[in-house]
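In: My questions concern the predicted model and sequence given below.
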Amino acid sequence: MNLFLLLCLGLLFPCTLQKALDEDTLSHILTELKNLQEAQKECTNTVSELKEYKSRVLSLENTVKDFQNTVKELKDTVKDLKHENNKLFSEIHRLKDDRMQNTNRNVNKYESKTEGAAVGLPRVVREEVLNATYPLLIKVIEGTTRKQDNERTRSAFKRSFTMRPTPTYPGQTANTHVAFTVGLSQSEVTLGDHSIVIFDNVFTNIGSAYQKNTGILIAPIKGAYVFSLTMAVSPGQHLYLEIVKDGRFVNSIYADSRSMNNYSSTTKEWILEVNKGSEVWIRCGTRGELHGNLHSMLSGYLLFETN
């Protein structure tokens with residue numbers, strides 16, 4: 001209908017129709033321009049958002065680089081701390097060894113001074129003098145000896161003070177065969193610093209050199225002995241053990257299960273020359289828990305006699 005009217009108007013008023021068509025076109029063009037302006041505005045906003053995102057990405061990249069540098073610095077710090085920790089452990093073991101050597105020298109010096117002092121005294125008097133004198137010995141060694149070492153020192157002092165002869169070893173065989181294998185039967189054993197590990201389950205004890213009640217091997221003859229120790233720790237635990245000869249630190253063994261959710265075990269073997277009557281035992285280097293259930297074992301035997 002509108003088209004028909006326009007045609008009629010065009011026939012009657014051709015100028016008016018042309019003017020109407022021009023206004024229509026102009027209006028259409030203005031509408032398109034307005035749409036283009038809106039689209040341009042949206043594009044401008046999008047470009048601004050993209051620039052902002054780009055800036056954020058660059059900032060995140062810089063942050064990641066900073067984190068990477070921090071992680072690298074932390075790794076270097078951890079490496080340095082581990083190195084310092086190893087140095088501290090070595091220094092601790094050296095100080096413990098020096099302390100034990102000083103203690104032994106003081107004890108031997110004191111024994112040499114008191115040897116034979118009680119000859120001819122009645123037994124009761126000897127015991128009274130011993131009980132009165134022993135605290136002075138503890139002062140001489142400046143309190144550096146642990147409870148277990150004090151008991152051993154007291155026994156050694158008592159033997160020299162009362163002029164007892166060279167001790168015999170219960171169950172000692174007439175021949176020179178010495179061999180033993182013992183294990184720790186308890187599930188978990190909490191050990192203090194320098195506590196003696198007593199392996200209570202005896203599998204073999206030829207020659208009866210290993211003392212079950214004290215955990216100490218007393219050599220019946222002089223010779224080269226082989227000792228093999230296997231230790232185990234529970235998940236999350238770590239522990240140092242030490243082999244000791246006549247109160248002196250010889251070497252250590254270490255098991256660490258802190259970085260794994262499982263038990264950890266270590267085995268180490270030594271060949272030591274041991275004098276007749278010398279004592280060898282295993283002690284705890286640092287406080288901790290030792291896993292038993294016969295997973296911690298100690299074996300030893302006489303390899304050959306020496307002169």
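Out: That came in fine, so what should we check first?

In: Could you pull out the helices in the chain for me?
Out: For the chain, helices defined by DSSP state H occupy the ranges 2-12, 14-114, 123-140, 147-161.

In: Which strands or helices does the longest one pack on?
Out: With contacts defined as 3 or more Cβ pairs under 8 Å, 6 or more residues apart in numbering; DSSP states H and E, the packing partners of helix 14-114 are helix 2-12, helix 123-140, helix 147-161, strand 248-256. C-beta here means a position set from N, CA and C on the backbone, and glycine is covered the same way.

In: who touches the residue nearest to Asp246 when sequence neighbours are not counted in this structure?
Out: Counting by Cβ to Cβ, 6 or more residues apart in numbering, the nearest residue to Asp246 once its immediate chain neighbours are dropped is Ser278, at 5.2 Å. For Ser278, the residues meeting the contact criterion (Cβ atoms under 8 Å, 6 or more residues apart in numbering) are Ile218, Ala219, Lys245, Asp246.

In: any idea how far Thr306 is from the second one?
Out: Per Cβ to Cβ, to the nearest Å, Ala219 is found 11 Å from Thr306.

In: contacting residues for Thr214?
Out: Residues in contact with Thr214 (Cβ under 8 Å, 6+ apart) are Ile196, Ile198, Trp281.

In: Show the pLDDT at it.
Out: For Thr214, the pLDDT comes out at 93.

In: Backbone dihedrals for it, please?
Out: Listed backbone geometry of Thr214 is phi -110, psi -20, with angles given as degrees, to the nearest 10.

In: Check the gap between it and Glu49 for me.
Out: For Thr214, the distance to Glu49 (Cβ to Cβ) stands at 82 Å.

In: What of Tyr301?
Out: Using Cβ to Cβ, which is the criterion applied here, Tyr301 is 82 Å from Glu49.

In: do the same with Met231
Out: The spacing between Met231 and Glu49, counted by Cβ to Cβ, is 65 Å.
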